[in-house]
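1. Give me the fold of what follows.
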Amino acid sequence: MSSTLDSITNGAQVGALLPLLTAIVQRPAWSAEVKKVVAVVIALVAGVATVAVDGGWEQFQHGTLTFATIAAVLAASQATYDLIWKPSKVAPAIESVTSPKPGEATG
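-> Numbering: from 1, shown residues only. Purely as a prediction, here's the structure:
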C-alpha cells in the first residue's frame, strides 16, 4: 500500500513541476490545441519515466499502479499549470524567453 501511495505522490510531485519544463518546448504562436497535445504527450512520457525510476522496469507489471502514477503526473501537471504557473505568468514567460525571436535562425 505504501508503495502505491509513494508512487502516486512521486507522480504528483513530477507533475507539479512539469509545466515549467513543458514551457521550454512550447511556443507562444502555437494554437491552444497544439499546446495541449504537446503538454499531454510530455506528461505521459514523464509518467512512464516516473514509474520506471520509482520502481524499475518490472513496476510496469502492475497495471493499476502504473496507470495511477501516470494519471497523477498528468492531473498534477494540468492542475498546477491552470492554478499556479499560468496565472503567475511564470510558464508563459519561460515560453517567451525560450522561443526563437522573429528573424532568428532556428536550425
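
2. isn't residue 7 right up against residue 68?
-> Yes: using CB atoms under 8 Å, residue 7 is in contact with residue 68, at 7.1 Å. C-betas here are computed from N, CA, C, even on glycine.

3. Listing request: residues of the chain with sub-threshold pLDDT.
-> Residues of the chain meeting the criterion pLDDT under 70: 1-2, 103-107.

4. ok, 50 please
-> 1 (pLDDT under 50).

5. That one: strands as residue ranges?
-> In the chain, no strands are found when defined by DSSP state E.

6. Do a quick rundown of the helices in it.
-> 2-25, 32-55, 63-80, 90-98 (DSSP state H).

7. so what's residue 69 up against?
-> 7, 8, 10, 11, 47, 50, 51, 54 (CB atoms under 8 Å, 6 or more residues apart in numbering).

8. out of those, who's nearest residue 41?
-> Lowest distance from residue 41 to the contacts of residue 69 (CB to CB) belongs to residue 47, with 10.6 Å.

9. give me the number of residues near that closest one?
-> Taking other CB atoms under 10 Å as the neighbour definition, residue 47 ends up with a count of 25.

10. got it, and residue 52?
-> Residues near residue 52, counting by other CB under 10 Å: 15.

11. Pull the contacting residues for the nearest residue to it once chain neighbours are set aside.
-> Spatially, and ignoring its direct neighbours in sequence, residue 52 is nearest to residue 59 (6.9 Å; CB to CB, 6 or more residues apart in numbering). If you count contacts by CB under 8 Å, 6+ apart, residue 59 has them with 7, 51, 52, 65, 66.

12. about what we covered before: out of residue 7 and residue 68, which sits in the more crowded spot?
-> Shown here are residue 7 and residue 68; by other CB under 10 Å, residue 7 has more neighbours (21 against 17).

13. what are the phi and psi values for residue 26?
-> phi -60, psi 150 (degrees, to the nearest 10).
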